[in-house]
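Q: when you get a sec, could you give me coordinates for this:
(one chain, ligands or ions: 3)
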Amino acid sequence: MADREAFPGIGRIKYEGPATKNMLAFRHYDADALVEGKPMRDHLRFAVSYWHTMRGTGSDPFGPGTMVRPWETESDPLQAALARVDVAFEFLEKLGCDFYCFHDRDVAPDGATLAESNKHFDTVADSLEKHQQRSGKKLLWGTANLFSNPRYVHGAATSPNVETFAYAAAQVKKAMEVTHRLGGAGYVFWGGREGYQCLWNTDMKREVDHLARFMHMAVDYAKEIGFTGQFYFEPKPREPMKHQYDFDSATCINFLRAYGLEKHVKMNIETNHATLAGHEMQHELEYAGMQGFLGSIDANTGDTLVGWDTDQFPTNIYLTTQIMYTLLKYGGIAPGGVNFDAKVRRESFEPVDLFHAHIGGMDAFARGLKIAAAMRADGAVQKLVEERYASWSGPLGKRIEAGSESLKSLEQEMLKKGEAEPCKSGRQELFENLINTYL
Ligand code: XLS
Ligand code: NI
Ligand code: NI
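A: Ligands and ions are numbered 1, 2, ... in the order given. All right, here's what the predicted structure looks like:
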C-alpha cells in the first residue's frame, strides 16, 4: 500500500452478517464460508474492472466528468498511471476482492509510437506484478482497447483499413504477453467497433472473415508463448455501432463454430448486453451453458427506463439468484469469474461510493448464491421441471430421444391413437410463487 492512503478512514471491509447496521460491511459475502462444500470466494471469483473503477470520470454525452479522485495529482501520464496502481491495490485489499481485469490502455497510457506505448505498458506491468506478489491479488483477464483511438473508427479486426488490423494485432500480441506475465486466468475479445453503421458501405463477409483470422492469430500466439488462460468472446448487440458481429451468445457461438474456434474460445456474458439484445441474462447463460460455452460473466445491470448500456452495479436479488442458479447448474464459473463491469453513477462522485457500489454487488451475488444453493438442495423446482417432461421418460419418448423413431413410424403411432394425449398446465405462477419462497 502507498505511504499515503487513497481511502483514509476506510479499513478492511468485513463480513458482519445480515443484522449489522454498518453500511461498510458485508451482510452476505463471507469469503471463506462454504456453500455446496466450496468457499464463497471460489464460487464467485469477484473482480474489479480497472476501466470503470480507476478510470471512470463520470462524463456523459451532456457533460464532463464529475468524479472526485484526490489521488489524480500527477500531470505526467505514466507517473499518474503508476500512482493509480497503488490506489487500485489499496482498493482491492480493503474490499477483499480477489481479482481485477484491465484493458491495456486503462492501466498504461498511450505513447507517441507503438514502441513507446509498449514501454509504458511494461513499466506499469512491473508495478502490477509487484503488487500482485505482495497482496496475493490476481488478474482474472486482460484485454486490449481496440475502440477508443481514432485509428479504430471503423473497427479493429474488421476495419476496411488493413494497417488498422495490423496495429490491432500488435496491440493484442502485447496485451497477451502482459496478461501471461501477470498470470492472467483469461483473455477477452470484446468487439468494440466490430460491426457497422451502414450496410451499404460494408462488406460483411469480408469483415467477419477478418475477425476470425484475427482470433486464430491470437490462439496461435497463445500456443507460442505458452499462455494457457481461457479466451473469451463477449457479446454485445449494439453501442457504439448500430449492429455488432458479437450480437449475443447464439451469434457468437455460431461464429466460433463456423470458423473453427470452438475449442479455444468461450463466452464472457454481460447482463446489460444481454438485455440490449432483447434477452434476459439467464437466457444468455443458459444458452451458452447448454452448448458448453459458459466462460465468465461481466456483472452489472441496465435500467428499464434508460435504453443504453448504463453498466449499473447489480443489486437485484432475483437477478443474482437466476444467475447463480444457472452457474451452479453448469458446474460453476472457474476459471472465469464475476467481474463487475459496472460504474458508479455520475452523481455518486465521492471515493467512498466505489466501496458502497462493490459491497452491494458482492452481497447481492453472495445472497443469490446462497438462495440458489438452497433451491438446489431442496430440489422442488428441479422436480417440477422433470415432472413437466415426464412423458418423455416413457417408452415413446425414450425411443425418439435415442433416434430410433421416424416420421413414418410416428405417423403409424398417431394413426393408431387418433389424437395426442392432452397437454398439462405449465404452472408458471406456481413456479414463480415457489421461487419467491426461497428469497
Ligand atoms: C463494453 C464492454 C467492455 C468489455 C471489455 O461495453 O463491456 O467493457 O467488457 O472490453
Ligand atoms: Ni463487459
Ligand atoms: Ni457493457
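
Q: contacts and neighbour counts: CA atoms only from here.
A: OK.

Q: what bridges to Met267?
A: Beta-bridge pairing of Met267 under DSSP bridges involves Phe233, Leu294.

Q: spit out the contact partners of it.
A: Tyr232, Phe233, Glu234, Pro235, Ser249, Cys252, Ala288, Phe293, Leu294, Gly295, Ser296 (C-alpha atoms under 8 Å, 6 or more residues apart in numbering).

Q: low-confidence stretches in the stretch 151-300 of the chain?
A: Low-confidence segments of the stretch 151-300 of the chain (pLDDT under 70): none present.

Q: ranges for the strands of it?
A: Along the stretch 151-300 of the chain, the stretches classed as strands by DSSP state E, counting those that start in this stretch are 186-190, 195-196, 230-234, 243-244, 265-270, 294-298.

Q: can you redo those strands as JSON lines with distance to Val208?
A: Compiled in JSON lines, those are given as follows (distance: least, C-alpha to C-alpha, whole Å):
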{"stretch": "strand 186-190", "distance to Val208": "14"}
{"stretch": "strand 195-196", "distance to Val208": "9"}
{"stretch": "strand 230-234", "distance to Val208": "14"}
{"stretch": "strand 243-244", "distance to Val208": "10"}
{"stretch": "strand 265-270", "distance to Val208": "16"}
{"stretch": "strand 294-298", "distance to Val208": "22"}
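
Q: nearest to Ala144, of the ones you listed?
A: The closest of those to Ala144 is strand 186-190. By C-alpha to C-alpha, the value is 7.9 Å.

Q: tell me what angle that closest one forms with strand 294-298.
A: 70 degrees (axes from the mean of the first three to the mean of the last three C-alpha atoms, to 10 degrees).

Q: strand 186-190 versus strand 230-234: what angle between them?
A: 20 degrees.

Q: for strand 186-190, buried residues please.
A: Residues of strand 186-190 classed as buried: Gly186, Tyr187, Val188, Phe189, Trp190 (neighbour count, 16 or more other C-alpha atoms under 10 Å).

Q: how much space between the second one and Met176?
A: This means Tyr187. Tyr187 is 7 Å from Met176, where distance means C-alpha to C-alpha, to the nearest Å.

Q: ditto for the first one
A: Summarising the geometry, the distance separating Gly186 from Met176, computed by C-alpha to C-alpha, is 9 Å.

Q: and if you look at Ser75?
A: Separation of Ser75 from Met176 (C-alpha to C-alpha): 29 Å.

Q: more neighbours, these two?
A: For Ser75 versus Met176, the count of surrounding residues by other C-alpha atoms under 10 Å is larger for Met176: 27 against 8.

Q: check contacts around the more buried one.
A: Neighbours of Met176 in contact, by C-alpha under 8 Å, 6+ apart: Gly142, Thr143, Tyr187, Ala222, Phe227.

Q: contact partners of stretch 348-361?
A: Contact with stretch 348-361 is made by 7, 23-26, 53, 58, 66-69, 95, 313-315, 340, 344, as judged by C-alpha under 8 Å, 6+ apart.

Q: in helices, which of those appear?
A: Thr53, Leu95 (DSSP state H).

Q: remind me, longest helix of this protein?
A: If you go by DSSP H, the chain has its longest helix at helix 351-378.

Q: name the next helix or strand downstream of that one, please.
A: helix 380-388 (DSSP states H and E).

Q: center of this structure, which residue is that?
A: What sits nearest the mean C-alpha location of the chain, by C-alpha atoms, centre = their mean, is Asp298, with 2.2 Å.

Q: the residue lying closest to that one once chain neighbours are set aside and His43: what is the separation?
A: Nearest non-adjacent residue to Asp298, counting by C-alpha to C-alpha, 6 or more residues apart in numbering: Glu270, 4.3 Å away. In this view, Glu270 and His43 are 18 Å apart by C-alpha to C-alpha.

Q: could you do Phe189 as well?
A: Going from Phe189 to His43 by C-alpha to C-alpha gives 23 Å.

Q: same question, Trp51
A: In this view, Trp51 and His43 are 24 Å apart by C-alpha to C-alpha.

Q: looking at those two, which one has more neighbours?
A: More crowded of Trp51 and His43, by other C-alpha under 10 Å: His43, with 24 against 19.

Q: for the one helix or strand that one maps to, name the packing helices and strands.
A: Under the criterion of DSSP H and E, His43 resides in helix 40-44. Where contact means 3 or more C-alpha pairs under 8 Å, 6 or more residues apart in numbering; DSSP states H and E, helix 40-44 is packed against helix 351-378.

Q: off-centre distance for the helix it packs on?
A: 16 Å (C-alpha atoms, centre = their mean, to the nearest Å).

Q: any buried residues in it, and which?
A: Under the neighbour-count criterion of 16+ other C-alpha under 10 Å, helix 351-378 has 351, 354-376 buried.
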